[in-house]
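Asks: sequence and predicted structure below; questions after.
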Amino acid sequence: MKIKGVVITHGELGRSLIDVAESILEQKSDLEFFKFGWDEDGSTIEKKIKVYLNKHKDAGIVIFTDMFGGSPANLSLRFNRPNVEIITGINLPGILKFLTYKDKKIVFKELLKIVRDGARDGISIISEYLGDRKNGKRKN
Amino acid sequence: MEKEKIKITNKLGLHARAAAKLSHLANNFSSNIFLVFNGDRVNAKSLLGILTLAAAVGNDIIIEADGEDEVEAVSGIKDLFERKFDEEN
């Protein structure tokens, strides 16, 4: 199954995440960005999502949003279906995981877990991290 | 198993873009490839794994490869380190 992704966030956050990830990987991606403006009621984005999903009917689609409970996530929930999954609270490590794994032969649900875990593991309290490293307790 | 120790010589060490180049290269080989540093051993095919090493300029790192193309893998990766990830030309 081909896997596609779209990032929906407040402001330009999503665009920056995509730009930075593409710069690190030194390659363009087909990740799309929909901006949720502060004065929007969501109808424009809803239309964009519908068009996007229609265009990629046969693909597994991940909608990334900035925060659980935020408008982009709340709006995206309406589109939750077997081939469309929503990941909230996305960050740079998560986007990098997605871009480096999405074209591998991988089960869609498995990819979601890899991305979620990569995003979570990317958050560290450095003093704890260094302590774990010293005590040999750190996972890779 | 093929193994080689190498010193990191590029100024920024194993930062994001260097790690991306390294994991991209490692993915071209069928061997299992690991980087060992400071008691940690990470999968060289994982960008985020490499970043967790937080290895800097001057640090010694061990490249390990195990598989059919282990010799080519270690020499290819060693070459990338020696070329300073093509970022200081």
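Replies: Yep, it's here.
Asks: helices and strands of chain A: which one bottoms out on pLDDT?
Replies: Of all helical and strand segments in chain A, the minimum by mean pLDDT, DSSP states H and E falls on helix A:126-134, at a mean of 80.
Asks: report whether that one contacts chain B.
Replies: Yes. For a cut-off given as C-beta under 8 Å from any C-beta of the partner chain, helix A:126-134 has contacts with chain B, namely A:Arg133. C-beta here means a position set from N, CA and C on the backbone, and glycine is covered the same way.
Asks: give me phi/psi at the residue minimising distance to the centre of chain A?
Replies: Of all residues in chain A, the one closest to the mean position by C-alpha atoms, centre = their mean is A:Phe64, 3.5 Å from it. Backbone torsions of A:Phe64, given as degrees, to the nearest 10, read phi -100, psi 130.
Asks: quick check: which element contains the closest residue to it other than its chain neighbours?
Replies: Closest residue to A:Phe64 apart from its sequence neighbours, by C-beta to C-beta, 6 or more residues apart in numbering or on different chains: A:Ile90 at 4.0 Å. Secondary structure assignment for A:Ile90, by DSSP states H and E: no helix or strand.
Asks: any weak-confidence spans in chain A?
Replies: A:134, A:136-140 (pLDDT under 70).
Asks: and it, which residues reach chain B?
Replies: Residues of chain A lying near chain B (C-beta under 8 Å from any C-beta): A:23-26, A:93, A:96-97, A:100, A:118, A:121-122, A:133, A:136, A:138, A:140.
Asks: most neighbours among the residues you listed, please name it.
Replies: A:Leu96 (26 neighbours; other C-beta atoms under 10 Å in any protein chain shown).
Asks: other SSEs contacting whatever helix or strand that one lives in?
Replies: Using DSSP H and E, A:Leu96 maps to helix A:92-101. Helices and strands touching helix A:92-101, by 3 or more C-beta pairs under 8 Å, 6 or more residues apart in numbering or on different chains; DSSP states H and E, are helix A:13-25, strand A:60-65, helix A:108-121, helix B:47-51.
Asks: orientation of it relative to strand A:60-65 in degrees?
Replies: Calculated by axes from the mean of the first three to the mean of the last three C-alpha atoms, to 10 degrees, helix A:92-101 forms an angle of 170 degrees with strand A:60-65.
Asks: now helix A:92-101 and helix A:108-121, what's the angle there?
Replies: 150 degrees.
Asks: contacts for stretch A:24-40, please.
Replies: By C-beta atoms under 8 Å, 6 or more residues apart in numbering or on different chains, the residues outside stretch A:24-40 that reach it are A:4-12, A:14-15, A:18, A:21-22, A:42, A:45, A:48-49, A:52, A:71-72, A:75, A:95-96, A:98-100, B:16-17, B:20-21, B:24.
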